[in-house]
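J.: just the structure for this:
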Amino acid sequence: MRALTWQGRRRVEVQEVPDPRILEPTDAIIRVTSTAICGSDLHLYEVFGPFLDRGDVLGHETMGVVEEVGSAVRSLALGQRVVIPFTIACGQCFMCVRGLQSQCETTQVREYESGAALYGYTKLYGQVPGGQAERLRVPLADANAIPVGDDLPDDRYLFLSDILPTAWQAVQYAHVPESGTLAVVGLGPVGQFASRIGRYLGYDVVGIDPVPERRAMAERQGVRAIDIDDPVEDVRGATWGRGADAVIDAVGMEAHGNPVVSAAHHVLGALPDALAQPLLQTAGLDRTAALLSGVDMVRRGGTLSISGVYAGEADPSPMKTLFDKQVALRMGQCNVRRWTDVLMPLVEAPEDPLGTEDLVTHRPPLGQAAEHYELFQKKEDGCIKVVLDPSA
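T.: Below you'll find the model as predicted:
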């Protein structure tokens, strides 16, 4: 089959790779109908090379049709349409039954002291072949394949794999008071959905992003969007000088700024894996511009909810300010299955209240994945969300 493979820093390539096979009786194989490029895939493209091998298949936002099931699979039928959460969880362990599927004790990657295994996401998370491919093996399929309807387009369901529940969790973690103010830093795909969810729940939402096309998309969905010229003062000015009740950092380590850290990422990418891995795990730094602006923007006693991915273990934290302002922090990998039941009615509603069909800007065939990784990273051509078509 054809699949997108990692070949080096800023180098991905569609290659012929072996078809996935049933390895355990609890597995299923799906034929992929839609697979997206996620913002966190750019971390693999740029930073996480020391934990990847050439030929690793990328991708963790996937849906398709069941083609084969193992002998122990009970909830799936051949030909059934399914969406696949990016976290691989058993659904039965101590963590899963508490709604912490991203910490699943069955699939935790203990070698690296990481949480649940993920599709297409480095040795740190199990080095499981990803879904930017024509087919995908789904382990523990009864718990990790969500059946969906046959009548609506893929876009209604695809984002249940990652970015929609990630945004929902970010808003839930933000603990915005009734009719409160929510600031969303970064209007990429997760930030777009977080802003829309905030509006849907009745909050006063302001979205912040330097890219005009992203601000325009947010404004189409009723979100007040501003540039990054002086967002802290803008938010304070709209909240009687206090700051937002809650701030979501939907950017993470891809933030602009800090050329020193950016240069360090380049150096890490050039080192042999044996040297780069321990450095990244113990001394890695992130560009924290979005995080720091969120600390400044949130009011005293407010909440900072972090959905953007960070990888540094030596990042400086403004502990004095966080303590003095009595800021609550919530963060973490999304527990996708925790939110499925509440989100499914929204994605299937005729009015599409979260605008799932107003997010994708580029729909190339799988064979054009490499150029669209670059396009997405550089934020060119109005690129906000890329969905790849493996059948084209």
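J.: use CA for all of it now, contacts and neighbours both
T.: OK.
J.: show me where the stretch 251-392 of the chain dips below the pLDDT cut-off.
T.: 254-287, 311-315 (pLDDT under 70).
J.: okay, helices next: where are they in it?
T.: If DSSP state H, counting those that start in this stretch is used as the criterion, the helices of the stretch 251-392 of the chain fall at 259-270, 273-283, 289-297, 319-325, 336-348, 369-378.
J.: so Ala141 makes contact with Asp27?
T.: Yes: between Ala141 and Asp27 there is a contact under CA atoms under 8 Å: 5.3 Å.
J.: between those two, who's got more neighbours?
T.: Higher neighbour count among Ala141 and Asp27: Ala141, with 25 against 21, using other CA atoms under 10 Å.
J.: mind listing what's buried in stretch 34-50?
T.: 34-50 (16 or more other CA atoms under 10 Å).
J.: repeat that for stretch 371-389.
T.: Quick answer for stretch 371-389 (16+ other CA under 10 Å): 372-377, 379, 383-389.
J.: what's it in contact with?
T.: Stretch 371-389 is contacted from outside by 10, 33-38, 42, 132, 188-189, 211, 213-214, 359-366, 369, using CA atoms under 8 Å, 6 or more residues apart in numbering.
J.: can you tell me which of the residues you listed are buried?
T.: The neighbour count (16+ other CA under 10 Å) marks 10, 33-38, 42, 132, 188-189, 211, 213-214, 359, 362-364, 366, 369 as buried among those.
J.: now do the helices in the stretch 51-200 of the chain.
T.: Counting by DSSP H, counting those that start in this stretch, the helices of the stretch 51-200 of the chain are 141-144, 154-158, 163-174, 189-200.
J.: switch those over to a markdown table; also include distance to Val251.
T.: Output for those, formatted as a markdown table (distance: least, CA to CA, whole Å):
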| stretch | distance to Val251 |
| --- | --- |
| helix 141-144 | 27 |
| helix 154-158 | 21 |
| helix 163-174 | 12 |
| helix 189-200 | 8 |
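J.: how about those in a markdown table, adding distance to Glu105 and mean pLDDT?
T.: Supplementary listing: the helices of the stretch 51-200 of the chain in a markdown table, determined by distance: least, CA to CA, whole Å; pLDDT from 0 to 100:
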| stretch | distance to Glu105 | mean pLDDT |
| --- | --- | --- |
| helix 141-144 | 14 | 98 |
| helix 154-158 | 26 | 98 |
| helix 163-174 | 20 | 98 |
| helix 189-200 | 27 | 98 |
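J.: tell me the contacts of the residue most central in space within the chain?
T.: Closest to where the C-alpha atoms of the chain average out (CA atoms, centre = their mean) is Ile163, at 5.0 Å. Neighbour list for Ile163: 38, 189-190, 193 [criterion: CA under 8 Å, 6+ apart].
J.: repeat that for 10 Å
T.: 38-39, 61, 85-86, 169, 189-194, 307, 334, 336 (CA atoms under 10 Å, 6 or more residues apart in numbering).
J.: and which of these is nearest to Cys96?
T.: Nearest to Cys96 among the contacts of Ile163 is Val336, at 10.6 Å by CA to CA.
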